Structure formats: structure tokens, C-alpha cells
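Asker: sequence plus predicted model, see below.
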Number of protein chains: 2
Amino acid sequence: MTSPTLLVLDADPLPRLGRLTGRARVTHADASTLAERLPSADVLLVWDFTSHAVRHAWPGEGPRPRWVHTASAGVDHLMCPELAASDTVVTNARGIFDQPIAEYVAALVLAMAKDLPRTLELQREREWRHRESRRVSGTRAVIVGSGPIGRTIARTLKALEVTTALVGRTPRTGVHGPDDLDRLIARADWIIAAAPLTEQTYGMFDARRFGVMQPSARFINIGRGGLVVEDALAEALRRRWIAGAALDVFEHEPLGPDSPLWQVPDLIVSPHMSGDTVGWRDELGAQFLELYERWEAGKPLLNVVDKKRGYVPGH
Amino acid sequence: MTSPTLLVLDADPLPRLGRLTGRARVTHADASTLAERLPSADVLLVWDFTSHAVRHAWPGEGPRPRWVHTASAGVDHLMCPELAASDTVVTNARGIFDQPIAEYVAALVLAMAKDLPRTLELQREREWRHRESRRVSGTRAVIVGSGPIGRTIARTLKALEVTTALVGRTPRTGVHGPDDLDRLIARADWIIAAAPLTEQTYGMFDARRFGVMQPSARFINIGRGGLVVEDALAEALRRRWIAGAALDVFEHEPLGPDSPLWQVPDLIVSPHMSGDTVGWRDELGAQFLELYERWEAGKPLLNVVDKKRGYVPGH
């Protein structure tokens, strides 16, 4: 029996793959060669999670990988009708990013409450200007997205004595449904976007939603850029409909030097780094190997994505 | 019986003092008039906690206030041998600043772990540069100062899954003594100065202590400027003995535009604002009134400072 063919869509070297020597024929592809190599692959590992190549190269019919794993929490960059309709199993990197992203959100919440960006500006200007800042304890956060990342954000903010509400696609114990969203964001101090990007969530933070928020509210997106109508957010900040925002993800990444978003008042722009703490690539590699060993042994995979919904369902 | 005379050393208007109308003769002083007015005052309220005037104006003998309250946690700015030797009771603003300062420290810890100052610099340069950041969870903090502020810092960092150690003047359950300090800071990721400024703590963070710290360590001072030998810290940062620092307090405040500290690499400078959240002056005013009412009724005061030690002792 021949070893399975593992095709890796990569940009950077992938740690730990040497462990598969003799157990898999490892081949590589980039956006230009993916379509040609996909039909002969048993497994596709999407290591370059910034690539949209899978969506374009996925074969309509004929041979195709039986399993696709993406080294990311979101699957929006690879899902397409043909992949959704196929019997190919899709898995994701559930769990790896939860705590780093939750800490990153806490860092932004505290930095905004304590006016840290302004402190750093005044330091550059060598100006001693005392200001009052805000308490975080006792404020209210709404976290949109009730998966492991959203839940870890809620737990971390609760530890800072913030009152939290989670909003998910389906109301259940501890999770509000979409019908509660406007009522909740209307009285929130912090609105945090941590939802998967799907047809339902695309553009959900639009001019109307920023209009519902309090003038003192601050908005944070660590989910996917497409959740936010970026122009509407910029306008809401310029008009002071809300007090501040932070975006770690954007509709088009990387953000080019010409983007107007770099200079919107009270907007913090970061380069899609919220989940990426030292060692993250190694953790992603180890997680894939663990899944590969289950697959090799014929055991059921973990982190299986509901391809219709676009995320791993359940608690 | 005449109303007691309340002398207020102030710079800003003091909230809530109108409640004492008819119950106290309220007079005011600044640095130039304090010495002349002190002998006729029954109570001195040091509302301008940045002033060192009390130390200079306190009468060596003769009539003097029976009670001095300072609207600050530290009493270093007013203590002098004559006040320490007198039977005047000194009280402080214990409790008001605990949570705001703890949140401020958490903001600095998270901002440094997530490289937020560099993110803001790159944003100004319109440059998308992904970096790996650090997890806070699992790191180690040493908090020097085991009073309510230090303990609240420890509790807040623990909530972020940081392992914490408290160091105080006297070892007791949950608090290390000074003998453990070097051993603890040698393996800490975060060293936080939250001690009162006394003869024992003046200059305790000197070149030798920065030399003991790990190259990855970061140092935060929200206590008093005098705890730190500022030149030694600047040198430790320039030589990369430690990875970063944040100072909210300084030997001489306000920091002048010529101070070299504004531009030390990896040093965050803020204008003594860690405890000052919206409403803080009102809280300080309310706390003084509560103490005044106890004093007026002949009940024992709270937050009584041990004048020899320079802080309110006990848990």
C-alpha cells in the first residue's frame, strides 16, 4: 500500500512535518500550482491561511483530497460551493488562538480605557499632561461570536470585572441570539467582533449598527475584516458616533500604505496578529500532526467544520 | 463652642466640602501661607497631594493641627521628623486608588506583552508588519509592596493567569520578606514597584537590582519616583539588561521637557495618572467627609498612618 499524498499550500516552512517521513508523500503547492496538484492529493494542508487559492482551485468534479485542514480558526478563505457540496472533510485550528486573542482583546480594552495611545503621543512630544482615565471594572462588553474564541474573551473580560454578554447564531443558555444584538450593543461600553465570516455575518457592523452604539462605546474586531463595513466605521469615528475602535483584521490584507484606515481618528490598526504569540506555528504544526495520526489510524477527526455554517458547531 | 478650623492645602476646587457649612470654619492655604496658618488649624486637609509644603511648614513646637489627612495613598510628601514625633494623627486615602492602579498595571503588562507601542508606531508609518507577541498567561510577576494597592495588583494579574509573588517589609502568610527579593526578581517576567516611599525603600531599584533581572524582564513603577534610581534604569534599558519599563511616577514631577527619560528606548512615560479614573476627586472628597464625621463625633479615625513606618500597617 502506498503512503497517502499530503499536499501543503505553504508560504513559510512548516515545523514538525519531518515526523511524517515514510508515512506520507509530502508535496507542496502555491497559488499557481494548486489546481494542477489538488486532484492527486489525499490530504490538503492549508498552511498559508492568508491564501484564497483553494476557493479558486477546488475541482468541480473528479478526484480530490478527502480531507482539508486549515491552520486557522476561520475557514472563510477556502470555502466555496463545490467544497461545501463534496464529501471532503474540513478541519480547523480550533483552540490554538483562544487565549492569545482573548489577551489581545483585554490589552486593547485596557489600553483604550487608560488612554494609552494618547500617553505615548504626549511622550513623543515630551509633554506632561495629566488626564483622568476610565475604570474597566463595572463596564459592559458584548462579544459577537460564541465559539471558543468569543467564550475565552468573555471569560478574560469577566476576570477584569467586566459584565459580558455573548451573541451567537442560535440562542442558548448563556448565549443571546441575533435578535438581542441591537438591544445589547445600544448599552455596551465594548463591542467585540469575534464571529466567523459567513453569508449571515458579512458586513453586519454597518452604519446602522454603529449608529445604535453609545457615543462612549468602543468597537474591536479580531474576527474577520468582512464583518465590518470599514467606510462606515471610519465615518462613525469621524462623526464621534462612537469613542474609539481597534481593527486587527481587514477586508483586504495586508493593508496598503494608501489605505485611509491608517489615519482615522481614535482607530488602532494592527496587522492581523492578535492570535500569534511566540510558538504559535509550532503549536499549529503539532495540532495538524495529531489530527493526521487520527486520520491515518482511521479514527474520527476532531475540529470538523460544518461546511454549510462555516464553523465548528457545538460547545 | 466654636466650630473647628479646617485648613485646606489646595490647588483645585474640592468637591463636597459644602457639606461642612456651619460645622467647620474652612480656610485655605497654599505653600506660601501654610506656615502662618497651620498653628490656628484644628484639621489640615492636604488636598494638593503634589505639594511638599507640609514638610517645610510643620511647626516644631506650639499649637498645631490635631489631625492631618492627605488625599493620596503615599504620605512621603508630608512626613518630617517633627510631624512624626508629634501627637498629630495622620490619615490617608487608603482604598480609593487600589482598583484603578491595578487595572493600569494590567494595561501596561498586556500592552508590553502584545507590543502595542510598536504597533502604534508602525501605524503612524503606515506600515503593515506582522510580529509575534507574548502570552501573559503563565508568566511571573513580583509585586513589591504588600499594601492594598500591591494586593489588588496581584489579584488582577492572577485573574489573567499570571503567577504572582508579593514582597513586603515583613514576611507573613502570602507575603515574602525583603530577603527573598533578589531571588524572586531574578526569574520574574514583570517586576512591579508599588511600595510606599520610606527610608528603607528609597532607591531600592538601582543598577545592581536591574542587573539581577532577566533580559526579558519588564519593570513598572506606579509607587513613587524615589523608589527607582532613574539613571540606572535608563542605562539598564539602553544596555538591554531588561526588555522594557514603564514609569508613572518620577523623582521630580512634573517631568520637564528636557528630561532624558522621555526618550529612553522601550520606556513608557506617563504623567502620574495610574489611579486617577473619572470621579476620583469626588471619591476622595467623600472619603474625607466620612472621616471628618467620625472625628467630629469623637469616634476613632480610619486609615491611620504609622508615622514611623510611613504607611497604614496591617491587612
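Answerer: Happy to help now that I have it. Just so it is clear, the model here is predicted, and its values are computed rather than measured.
Asker: help me see whether stretch A:164-175 makes contact with chain B, please.
Answerer: No - with C-beta under 8 Å from any C-beta of the partner chain as the criterion, chain B is not reached by stretch A:164-175; the gap is at least 13.6 Å. Every residue, glycine included, has its C-beta placed from N, CA and C.
Asker: mind listing what's buried in that stretch?
Answerer: For stretch A:164-175, a neighbour-count test (16 or more other C-beta atoms under 10 Å in any protein chain shown) marks A:164-169, A:175 as buried.
Asker: for residue B:292, see how far away residue A:191 is.
Answerer: Remark: distance between residue A:191 and residue B:292 (C-beta to C-beta, to the nearest Å) = 43 Å.
Asker: of the buried residues of stretch A:164-175, which one scores lowest on pLDDT?
Answerer: Minimum pLDDT for the buried residues of stretch A:164-175 is recorded at residue A:169 (94).
Asker: wait, what's in contact with it?
Answerer: A:146, A:177-178, A:200, A:309 (C-beta atoms under 8 Å, 6 or more residues apart in numbering or on different chains).
Asker: what of residue A:17?
Answerer: Going by C-beta under 8 Å, 6+ apart, residue A:17 touches A:8, A:26, A:285, A:289.
Asker: name only those of the residues you listed that count as buried.
Answerer: When those are checked for burial by 16+ other C-beta under 10 Å, the buried set is A:8, A:26, A:285.
Asker: more neighbours, residue A:191 and residue B:292?
Answerer: Each of residue A:191 and residue B:292 has its neighbours counted (other C-beta atoms under 10 Å in any protein chain shown); residue A:191 has more, 27 against 22.
Asker: for whichever strand or helix holds residue A:68, list the C-alpha coordinates in CSV.
Answerer: Per DSSP states H and E, residue A:68 falls inside strand A:67-70. Written as CSV, here are the backbone C-alpha positions of strand A:67-70 (Å, rounded to 0.1, in the frame of the first residue of the first chain):
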residue,chain,number,x,y,z
TRP,A,67,-9.5,15.9,4.0
VAL,A,68,-8.6,19.6,4.1
HIS,A,69,-7.1,21.1,7.2
THR,A,70,-6.5,24.8,7.6
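Asker: picking up where we left off before, also near chain B: which of the contacts of residue A:169, exactly?
Answerer: On the criterion C-beta under 8 Å from any C-beta, none of the entries of the contacts of residue A:169 sits beside chain B.
Asker: and these, which two are the farthest apart?
Answerer: Across these, the longest distance by C-beta to C-beta is 14.7 Å; it joins A:177 and A:309.
Asker: of these two, give the one with the bigger neighbour count.
Answerer: residue A:309 (16 against 13).
Asker: ok, and the closest non-adjacent residue to the more buried one?
Answerer: residue A:198 (6.8 Å; C-beta to C-beta, 6 or more residues apart in numbering or on different chains).
Asker: and for that neighbour, the neighbour number?
Answerer: Residue A:198: 20 neighbours (other C-beta under 10 Å).
Asker: same deal with residue A:3?
Answerer: Residue A:3 - counted by other C-beta under 10 Å - has 14 other residues nearby.
Asker: quick one: pLDDT of it?
Answerer: Residue A:3 is assigned 92 on the pLDDT scale.
Asker: now it: how far from residue A:25?
Answerer: Distance from residue A:3 to residue A:25, by C-beta to C-beta: 5 Å.
Asker: same thing with residue A:93?
Answerer: In terms of C-beta to C-beta, residue A:93 sits 23 Å off from residue A:25.
Asker: right, and the helix or strand after the strand holding residue A:68?
Answerer: Heading C-terminal from strand A:67-70 (DSSP H and E), you reach helix A:81-85.
Asker: tell me how many other residues crowd residue A:18.
Answerer: When neighbours are counted by other C-beta under 10 Å, residue A:18 registers 8.
Asker: can you confirm it is in a helix?
Answerer: Yes - under DSSP: H, G, I helix; E, B strand; the rest coil, residue A:18 falls within a helix.
Asker: helices along the stretch 151-300 of chain A, start to end?
Answerer: A:181-185, A:207-212, A:230-238, A:280-296 (DSSP state H, counting those that start in this stretch).
Asker: got JSON lines for the ones you listed, with distance to residue A:152 and mean pLDDT too?
Answerer: Below are the helices of the stretch 151-300 of chain A laid out as JSON lines (distance: least, C-beta to C-beta, whole Å; pLDDT from 0 to 100):
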{"stretch": "helix A:181-185", "distance to residue A:152": "19", "mean pLDDT": "98"}
{"stretch": "helix A:207-212", "distance to residue A:152": "24", "mean pLDDT": "98"}
{"stretch": "helix A:230-238", "distance to residue A:152": "24", "mean pLDDT": "98"}
{"stretch": "helix A:280-296", "distance to residue A:152": "15", "mean pLDDT": "95"}
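Asker: thought residue A:57 was touching residue A:38?
Answerer: Yes - counting by C-beta atoms under 8 Å, residue A:57 touches residue A:38, with 5.8 Å between them.
Asker: can you list the residues of the stretch 201-315 of chain A near chain B?
Answerer: Contact residues (C-beta under 8 Å from any C-beta) of the stretch 201-315 of chain A with chain B: A:253-257, A:259, A:262-263, A:268-273, A:276-278, A:280.
Asker: could you turn the buried ones of the residues you listed into a PyMOL selection?
Answerer: Buried residues within these, by 16+ other C-beta under 10 Å, are selected in PyMOL with:
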select buried, chain A and resi 255+259+262+268+269+270+271+272+273+276+277+280
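Asker: please report how far residue A:307 lies from chain B.
Answerer: Per C-beta to the nearest C-beta, to the nearest Å, residue A:307 is found 29 Å from chain B.
Asker: what about that residue, how many neighbours?
Answerer: Using other C-beta under 10 Å, residue A:307 is surrounded by 19 other residues.
Asker: cool, and residue A:15?
Answerer: Look at residue A:15: counted by other C-beta under 10 Å, it has 16 neighbours.
Asker: for it, what are its contacts?
Answerer: Counting by C-beta under 8 Å, 6+ apart, residue A:15 makes contact with A:281-282, A:285.
Asker: what's the helix or strand for it?
Answerer: Short version: residue A:15 belongs to no helix or strand, going by DSSP H and E.
Asker: could you check how far it is from chain B?
Answerer: Separation of residue A:15 from chain B (C-beta to the nearest C-beta) stands at 13 Å.
Asker: residues contacting the spatially closest residue to that residue that is not a sequence neighbour?
Answerer: Using C-beta to C-beta, 6+ apart and skipping residues adjacent in sequence, the residue nearest residue A:15 is residue A:285, 4.1 Å away. Neighbour list for residue A:285: A:14-17 [criterion: C-beta under 8 Å, 6+ apart].
Asker: from the residues you listed, pick the one nearest residue A:79.
Answerer: residue A:14 (22.2 Å).
Asker: so the closest one sits against residue A:8, correct?
Answerer: Yes - with contacts counted by C-beta under 8 Å, residue A:14 reaches residue A:8, the gap being 6.3 Å.
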